[in-house]
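Undergrad: show me how the following folds:
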Amino acid sequence: MRSIVGQIDEDDPPVIARGTERVERLFEYQLEQGLHHGAQLAVYRDDELIVDLAGGITDVEDGDGGELPTDEAVPDGTETESDSRFVLFSNTKPLAAACVHVLVDRGALAFDDPIVDHWPDFADEGSEKAEVTVRHVLTHQSGLPETPVDQAYDDWTDPDALAEGVEEAELQFSPGEEISYQFYSFGWIVGELVRQVTGERIDDFARETVFEPLGMDRTHIGRPEDEETVDDDGEAFEVATLAGFEPCDRVGEPGLVAGYTTEEAAETYNREAVQEGLNPAWTGIGPARELARFYACYLNGGEFDGTRLLEEETVAEVTSLQVEEPPVDVVGTADRWSLGFQRGGALPDRRGVVTPVGTFGHGGLGSSQTWADPESGLAFAFVCNGIRDGYEHNARTAILSETVRQELG
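TA: Here you go, the predicted structure:
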C-alpha cells in the first residue's frame, strides 16, 4: 500500500490535535453533532483559568424565551458568551453545602449536630427523625429523600412553606441506614438550616459569604425576584433556554431523567417562576467559569486569589470520603459521597474513565458537570442547555472530562 504521508500539506493542521486545541475541538464537535445547542467549558489549573470556552446559542433568535428546536444541530439564536447564565440544576447542591461549610468553619454548628438542635420544629422531640444530623443530610442519608413540597412550585419562593413541608415529611428509612439521593429535600433542609442559624435566606447568605468573596458575581441560588429584568450592567437578566432531546436521537438507552422526560424537565425549568424558586438543590444560575472558580478554591485549601473562604482543615474534612455503597444489582454507579460533593473513582463515571478516587464534584440533570482533581490540580465545569437521558449525558461529559484530564493534567 502506497503511503500518502508525504502528500499532506505542511500547512494543514495535524489530524491529532493535542492540549488545549484538542479540548476545544471536542467541545465544538459536541455542538456540531447537536448534543446541545449552547455550552460553556471552564478549567482552572491551580489559580489560572486555562480553558474558557463558549459556543452555540442560549435561546431562539428573537430572544423571547421560546422553545429551542430539537430537530436541527445548528439553529439560529443568541450567541453563547463566557458570562452567559445557565441553569445549574444539582450543581447547586455544593454551593448550598458551602454555606454549611462556612458555618462549621465559624463554629456556628458542627457536622454531627442533630438538625433539631438548630431547628426545633424539624422533628418531634425523642422521635427517630430527631436523630437526623447535618452529616446525614450532606451525605444523602437523612431518610428524607422526598417531601410534600417537592413539586409544589408555587411554594418554592416561600421559605416558611418549604420549612413546613420538611417538618411534615416522614422518614422513609432510619437516618444513616442507607444512601438515598435527596433530589429536592437536600435544598429544603440545608436552606432552612442556614436560615435558622443565621436569620438569613440561603440565597442572601450564599451571595454574601461565598459568591461575592470569590468573585462569582453572576451566580445566584434562584433567579433574583427583585431583578426588574435588568442586570447590574444595564442589560436584561437572561438565562439560557433549555431544550429536552429525545433519548436515542444520537446515542444511548431510553429512560427517564429524575422522573421527568427530558421535554418535561426543559419545560418546567424554563419557567421564570420555577427559576425564582428558593431551591438550593436545583435552581442555581450562573456561568461555568464561576463554578470552576468555586472548585479551584477548594482545591487550593479554601483560599483563592487572596481570599480565604475556609480553613484548610475544614476543606480536608468536607472533601474526604464519608460513605459509599455499591450499585444496586451491579447496575449503575456506586454511591460515593463526601460532605456535599460526589466522589469519583467508581465505574462508570461521568467525570472520566476512571477518575482518581480523590476527585470530588457534582452533576446536574443531564446538562452539567463539575469536578476537582487534587492529583492534577484541575478544576472543571461544563454547562449546556441540552437536557439528555442520563446514559447519553454520562457519555458526553465522561469523554469531555477524560480529554481535559489527559491533555491538560
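
Undergrad: ok, longest helix in the chain?
TA: helix 390-408 (DSSP state H).

Undergrad: chain center to that one: distance?
TA: 15 Å (C-alpha atoms, centre = their mean, to the nearest Å).

Undergrad: wait, what's in contact with residue 305?
TA: Applying C-beta atoms under 8 Å, 6 or more residues apart in numbering, one finds that residue 305 lies in contact with 47, 214, 215. All C-beta atoms are positioned from the backbone trio N, CA, C, and that covers glycine.

Undergrad: repeat that with 10 Å
TA: By C-beta atoms under 10 Å, 6 or more residues apart in numbering, the contact set of residue 305 is 47, 213, 214, 215, 293, 296, 297.

Undergrad: distance of residue 106 relative to residue 225?
TA: 28 Å (C-beta to C-beta, to the nearest Å).

Undergrad: hmm, back to that, sitting in helices, which of the contacts of residue 305 do you find?
TA: Per DSSP H, the subset of the contacts of residue 305 in helices is 293, 296, 297.

Undergrad: each with direction, which strands does the longest strand belonging to the chain pair with?
TA: Determined from DSSP state E, the single longest strand within the chain is strand 48-60. Strand pairing for strand 48-60, using DSSP bridges, gives strand 38-45 (antiparallel), strand 77-79 (antiparallel).

Undergrad: distance from that strand to the middle of the chain?
TA: 16 Å.

Undergrad: which residues in the stretch 101-250 of the chain form strands?
TA: Ranges of strands within the stretch 101-250 of the chain are 220-221, 243-244, based on DSSP state E, counting those that start in this stretch.

Undergrad: deepest-packed of these, please.
TA: By mean neighbour count, with neighbours taken as mean count of other C-beta atoms under 10 Å, strand 220-221 ranks first of those at a mean of 28.

Undergrad: and that one, what does it pack onto?
TA: On a contact count with 3 or more C-beta pairs under 10 Å, 6 or more residues apart in numbering; DSSP states H and E, strand 220-221 meets helix 92-105, helix 202-206, strand 284-286.

Undergrad: quick check: mean pLDDT across that strand?
TA: Across strand 220-221, the average pLDDT comes to 96.

Undergrad: what residues does that strand touch?
TA: 85, 88, 92, 95-96, 99, 187, 191, 201-207, 210-211, 227, 237, 239, 275-286.

Undergrad: please enumerate the helices of the stretch 51-200 of the chain.
TA: Counting by DSSP state H, counting those that start in this stretch, the stretch 51-200 of the chain has helices at residues 92-105, 134-138, 159-168, 185-198.

Undergrad: still on that earlier bit, the strands paired with strand 48-60: which one's closest to residue 57?
TA: With C-beta to C-beta as the criterion, residue 57 lies closest to strand 77-79 of the strands paired with strand 48-60, at 3.1 Å.

Undergrad: returning to what we had before: farthest pair within the contacts of residue 305?
TA: 47 and 213 (14.6 Å).

Undergrad: contacts only, for the closest residue to residue 155 other than its chain neighbours.
TA: Spatially, and ignoring its direct neighbours in sequence, residue 155 is nearest to residue 161 (3.9 Å; C-beta to C-beta, 6 or more residues apart in numbering). Counting by C-beta under 10 Å, 6+ apart, residue 161 touches 148, 149, 152, 154, 155, 188, 278.

Undergrad: just the buried residues from those, in PyMOL please.
TA: To isolate the buried members of the contacts of residue 161 in PyMOL, using 16 or more other C-beta atoms under 10 Å:
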select buried, resi 149+155+188+278
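
Undergrad: and which of the contacts of residue 161 is nearest residue 195?
TA: For the contacts of residue 161, the nearest to residue 195 is residue 278 (9.6 Å; C-beta to C-beta).

Undergrad: any idea how many residues pack against the nearest residue to that closest one once chain neighbours are set aside?
TA: Nearest residue to residue 278 in three dimensions, chain neighbours excluded: residue 222, at 5.2 Å (C-beta to C-beta, 6+ apart). Counted by other C-beta atoms under 10 Å, the residues lying close to residue 222 total 25.

Undergrad: isn't residue 222 up against residue 239?
TA: No. Residue 222 is not in contact with residue 239 according to C-beta atoms under 10 Å; the separation is 11.1 Å.

Undergrad: and for the two, which residues touch both?
TA: 275, 285.

Undergrad: distance of the nearest residue to residue 325 once chain neighbours are set aside relative to residue 298?
TA: Excluding the flanking residues, the one nearest residue 325 by C-beta to C-beta, 6+ apart is residue 335, at 4.5 Å. Distance, residue 335 to residue 298, using C-beta to C-beta: 21 Å.

Undergrad: between these two, who's got more neighbours?
TA: Higher neighbour count among residue 335 and residue 298: residue 298, with 25 against 21, using other C-beta under 10 Å.

Undergrad: which residues touch the spatially most central residue of the chain?
TA: Nearest to the mean C-alpha position of the chain, counting by C-alpha atoms, centre = their mean, stands residue 91 at 1.2 Å. Going by C-beta under 10 Å, 6+ apart, residue 91 touches 282, 284, 286, 288, 291, 294, 361-365, 367-370, 381-383.

Undergrad: now it: closest residue in space, sequence neighbours ignored.
TA: Using C-beta to C-beta, 6+ apart, the closest residue to residue 91 is residue 364 (4.3 Å).

Undergrad: got a markdown table for the helices of the stretch 51-200 of the chain, with distance to residue 114 too?
TA: Below are the helices of the stretch 51-200 of the chain laid out as a markdown table (distance: least, C-beta to C-beta, whole Å):
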| stretch | distance to residue 114 |
| --- | --- |
| helix 92-105 | 14 |
| helix 134-138 | 8 |
| helix 159-168 | 14 |
| helix 185-198 | 11 |
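
Undergrad: for residue 125, find the nearest of those.
TA: That would be helix 159-168 among these, by C-beta to C-beta, at 13.1 Å.

Undergrad: list the buried residues for that closest one?
TA: 159, 161, 162, 163, 164, 165, 166, 167.

Undergrad: and which of those is nearest to residue 123?
TA: Distances from residue 123 to these, taken by C-beta to C-beta, are shortest for residue 167, at 7.6 Å.

Undergrad: which strands and helices sit next to the longest helix of the chain?
TA: helix 20-32, strand 38-45, strand 48-60, helix 262-269, strand 360-364, strand 368-373, strand 378-384, strand 386-387.

Undergrad: nice, that's everything, thank you.
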